[in-house]
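Visitor: Everything below, folded, please.
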Amino acid sequence: MYLGESLGGEVNFRKVQAGSRRTGIMDISVIIPTYNRKEGLIKCLRSLISQSYPRDKFEVIVIDDGSRYPVEDALSPLRTQLGNLRYAAQNHKGPAAARNRGVSLSSGNIVAFIDDDCEAHPEWLALMVKAHREHAGLMGMYMLGVSMKAKCQALG
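Guide: Next up, the predicted model:
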């Protein structure tokens, strides 16, 4: 878990609980658990390629939760476009275990989760970073669709 500390308008994140994660390398780690939804996963990843937030400031971690069909092969064409795309597989343990595995592999100051059947709005990551910068100590957000901006403003 991380707390944001506001220092002169900038937010610095500090680790609250020790763990094995490397921190601070990326602004955001986007974790996608997937299970037998290769087509949906590809759409989800394409929506991340379209983010307005700079691609060199976020990583995407796909956790294959024991899919019957190989998922990693479908990622190859997207690696060049996405840049920081990582993949890990595990035996089927459910989406919560896949998310936890993604967190253990992440290097971002902020961790974002998206499901493999969802497509992110192009401003999703930019607005998330903005919300964390403007609301020091923000621990979590739950947002649906393009109403994210309104929900972020409601937090203040």
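Visitor: which SS class is G102?
Guide: Secondary structure assignment for G102 (DSSP: H, G, I helix; E, B strand; the rest coil): helix.
Visitor: check contacts around the most centrally placed residue in the chain.
Guide: Residue closest to the mean C-alpha point of the chain, counted by C-alpha atoms, centre = their mean, is V30 at 1.4 Å. By C-beta atoms under 8 Å, 6 or more residues apart in numbering, the contact list for V30 reads 48, 58-61, 112-114, 125. For glycine as for every other residue, the C-beta is placed from the backbone atoms N, C-alpha and C.
Visitor: gap between it and I61?
Guide: Per C-beta to C-beta, to the nearest Å, V30 is found 7 Å from I61.
Visitor: try P70
Guide: In this view, P70 and I61 are 17 Å apart by C-beta to C-beta.
Visitor: Between the two, point out the one with more neighbours.
Guide: Legend: neighbour count by other C-beta atoms under 10 Å for P70 and I61, higher for I61 (25 against 11).
Visitor: what residue ranges in the chain score low on pLDDT?
Guide: Within the chain, the set of residues satisfying pLDDT under 70 comprises 1-24, 136-156.
Visitor: can you give me the strands in it?
Guide: Per DSSP state E, the chain carries strands over the ranges 2-7, 10-15, 26-34, 58-64, 85-89, 108-113.
Visitor: ok now the fourth one, how far from the chain's centre?
Guide: Taking the mean of its C-alpha atoms, strand 58-64 sits 7 Å from the chain's own mean (C-alpha atoms, centre = their mean, to the nearest Å).
Visitor: Not counting it itself, show me its contacts.
Guide: Identification of contacts with strand 58-64 by C-beta under 8 Å, 6+ apart yields 26-35, 41, 45, 48, 51, 71-72, 75, 82, 84-90, 98-99, 101-102, 105-108, 125.
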